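S.K.: give the three-dimensional model of this entry:
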Amino acid sequence: MARDLAIDLGTANTLVYERGRGIVLNEPTVIALNTRTREVLAMGHDAWQMIGRTPSDIVAERPLRQGAITDFDVTQRMIRLLLHRVRVGRFNRPRVVVCVPSAITEVERRAVAEATRRAGATDAFLIDQPMAAAIGSGLPIHEPVANLVIDVGGGTTETALISLGGVVGLDAVRVGSFDFDAAIQAYVRREYGIAIGERTAEEIKVAIGSAWPVRDELKAEVRGRDLASGLPKTVILTPAEIRAAIDDVIVEIVESVIACLGSAPPELAHDLITQGMYLVGGGGMLAGLDQRIAHATEIDVHLVENALESVVLGAGRCIEDPAALRVAFQAGGGR
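M.R.: Numbering: from 1, shown residues only. Modelled structure (predicted):
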């Protein structure tokens with residue numbers, strides 16, 4: 001297997017793992033296009049910098065929403081660019097394992113696989129993100145013990161209970177870190193009459209956003225456009241305001257976790273009291289989210305060290321060890 005790759009094609013970020021080399025690319029899932037010529041102008045970090053700053057004939061967009069492809073052609077072109085960046089050409093076409101949310105439909109799965117093949121892969125295999133995250137987090141998924149993974153991505157949140165190499169319980173909701181950003185935008189518009197962009201909302205979330213009170217909280221100065229006058233305006237936001245703004249999204253995530261716990265067999269539920277639960281994904285890195293879930297469930301929550309990379313690391317282990325990939329597919333974690 002000359003050039004096997006694993007791709008975590010996330011709504012927010014795309015990571016690529018190459019067999020024998022590890023993670024070789026980590027970029028935002030954004031592409032910039034000329035709307036008249038359909039020419040690709042930029043992707044990844046360069047395209048992300050353009051969000052909200054482009055003229056009318058240029059659009060910077062995310063071709064995936066809630067884990068599913070919204071524009072097949074753009075997604076295919078983006079995957080082709082990703083493969084080109086890791087030096088894939090006509091004569092060294094790789095086999096690719098793509099991580100996808102378990103919540104997407106069979107039609108959406110086929111669209112991802114087809115886009116990957118058309119972009120230059122000799123074949124495409126899909127693996128569910130919760131299973132990949134569990135493998136990447138180093139959990140003993142093949143042992144007869146409960147392993148519960150909460151994967152909070154950009155557009156989806158999936159809670160999976162895994163034991164003996166298979167998924168015992170699963171609950172998924174199509175909300176994630178982008179919903180935090182949208183809630184912050186709506187709050188600032190409603191309470192202060194100011195319009196802020198997607199990038200600004202994300203920066204606020206990273207700077208002072210939290211799901212639970214944390215130590216040494218700071219305030220943030222936010223600039224936007226006054227809806228009444230159209231002029232630039234500055235306001236000061238507090239962490240408590242941001243917690244209130246994103247609370248509905250947090251509640252939906254917590255309720256999904258509780259629903260998955262409710263489906264656990266009694267013996268595995270007992271394991272969770274001692275083992276705890278594991279939080280992964282970029283959205284899982286929101287300050288205090290682990291404490292909020294732990295408070296609601298009365299079960300310890302551990303934020304995985306490489307939370308953003310755990311999914312692609314798990315898929316990477318599968319291409320490094322083909323036996324692990326076979327086990328993941330036999331367990332229903334991939335198709």
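
S.K.: before we move on, which element is F125 in?
M.R.: Following DSSP states H and E, one finds F125 within strand 123-128.

S.K.: again with E267
M.R.: Using DSSP H and E, E267 falls in helix 266-275.

S.K.: sheet-wise, list the partners of whichever helix or strand comes after that helix with their directions.
M.R.: Counting by DSSP H and E, the next helix or strand C-terminal to helix 266-275 is strand 277-280. Here strand 277-280 is paired, per DSSP bridges, with strand 147-152 (parallel), strand 301-303 (parallel).

S.K.: pLDDT averaged over strand 277-280, what's the number?
M.R.: Mean pLDDT, strand 277-280: 96.

S.K.: who touches the helix or strand following it?
M.R.: Using DSSP H and E, the helix or strand that follows strand 277-280 towards the C-terminus is helix 289-297. Applying C-beta atoms under 8 Å, 6 or more residues apart in numbering, the contact partners of helix 289-297 are 150, 152, 210-212, 250, 253-254, 257-258, 261, 277, 279, 283-284, 300-303. To be clear about C-beta, it is placed using only N, CA and C from the backbone, and glycine gets the same treatment.

S.K.: out of the residues you listed, which are buried?
M.R.: 150, 152, 210-212, 250, 253-254, 257, 261, 277, 279, 283-284, 301 (16 or more other C-beta atoms under 10 Å).

S.K.: distance of C260 from R292?
M.R.: 16 Å (C-beta to C-beta, to the nearest Å).

S.K.: returning to that earlier point: could you tell me the angle between the strand holding F125 and strand 147-152?
M.R.: Strand 123-128 and strand 147-152 are oriented at 100 degrees to each other (axes from the mean of the first three to the mean of the last three C-alpha atoms, to 10 degrees).

S.K.: kindly format the C-alpha coordinates of strand 123-128 as PDB.
M.R.: These are the backbone C-alpha positions of strand 123-128, laid out as PDB (Å, rounded to 0.1, in the frame of the first residue of the first chain):
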ATOM      1  CA  ASP A 123     -10.900   3.600  -3.500                       C
ATOM      2  CA  ALA A 124     -12.600   5.200  -0.500                       C
ATOM      3  CA  PHE A 125     -13.700   3.600   2.700                       C
ATOM      4  CA  LEU A 126     -15.800   5.300   5.300                       C
ATOM      5  CA  ILE A 127     -15.400   5.000   9.100                       C
ATOM      6  CA  ASP A 128     -17.800   6.500  11.700                       C
END
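
S.K.: now for that strand, which elements pack on it?
M.R.: Secondary-structure packing of strand 123-128 (3 or more C-beta pairs under 8 Å, 6 or more residues apart in numbering; DSSP states H and E): strand 95-100, helix 106-118, helix 310-320, helix 322-330.
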